[in-house]
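here is a sequence with its predicted model. Questions after.
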Amino acid sequence: MTELLEAALQVFSSKGYRNTRLEEVAEAAGVTKGTIYHYFENKEALLIGVIEHYQTLAFGRVEEVLREVGLSVSARIRLLVRKAFVDADRTRRPMVSLLLRGVAHEVPHAHQRWLREGPVRLWTVIAQLVAEGQKRGEFRLDADGEVGARLLVSGLLVQVMWQQHADDIPELAVDEDRLIDSSVELFLAGLRPVGVVMAEK
């Protein structure tokens, strides 16, 4: 099943949802078209399966961080964002590119599902951590954690998507570690009480 979903992601990403035929996915996965129909009713169901698969992987990593209760909130936010955005096998970039381009118009139901279970869920978790940090005195009480979390998540998603075009527009290119780590530090700096230079690592 995993091999099928990975193949579907690659074909959807390279050809676009509308232009993808299930025969092409089957060929890429090394299975028959009938095998796809054994698991998925149609192409949209396969797309939703791909979305759910990669969101489950990403949030599995996020849940690991949330269980690290011995760390400061700042440290958990740093780890959480890295777990959510750093994808060693580079599957996230074509996934984001796919979802933010054609799928919003071609399969709005699938796109809405991705929004609810991906970006919205992630910034909600971060906002909850900010609220915890405010209760602990780690962050300013007047800081709007929800808006900050929305900007952090959406900004990183767009930057990750734009990296797809860095070969053609070199000015878009940025080191992934620098992008993620600096974004989080800017986010945390806006939450710290006045006069606090560095939060606990």
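Okay, I see it.

what's in contact with the strand or helix carrying Gly133?
In this assignment (DSSP states H and E), Gly133 forms part of helix 121-136. For helix 121-136, contacts defined as C-beta atoms under 8 Å, 6 or more residues apart in numbering pick out 59, 62, 66, 72-74, 76-77, 80-81, 84, 139-141, 143, 145-146, 148-150, 152-154, 191. (C-beta placed from N, C-alpha, C; glycine too.)

with stretch 14-26 instead?
Contacts for stretch 14-26 (C-beta under 8 Å, 6+ apart): 4, 7-8, 11-12, 32-33, 35-37, 43, 46-47, 94, 98, 101-103, 106-107.

likewise stretch 172-182?
Under C-beta under 8 Å, 6+ apart, the answer for stretch 172-182 is 78, 81-82, 85-86, 156, 159, 162-163, 165-166.

pull the most distant pair out of the residues you listed.
Arg78 and His165 (27.7 Å; C-beta to C-beta).

what's in contact with the helix or strand bottoming out on mean pLDDT in the chain?
Ranked by mean pLDDT, DSSP states H and E, the weakest helix or strand in the chain is helix 92-98, scoring a mean of 70. The contact list for helix 92-98 (C-beta under 8 Å, 6+ apart) reads 9-10, 12-14, 16-17, 50-51, 54, 58, 85, 87, 157, 160-161, 163-164.

now that helix: how far from the chain's centre is it?
Between the centre of helix 92-98 and the centre of its chain there are 9 Å (C-alpha atoms, centre = their mean, to the nearest Å).

next secondary structure after it?
Defined by DSSP H and E, the subsequent element after helix 92-98 is helix 104-106.

nearest spatial neighbour of Ser13, skipping sequence neighbours?
Pro94 (3.5 Å; C-beta to C-beta, 6 or more residues apart in numbering).
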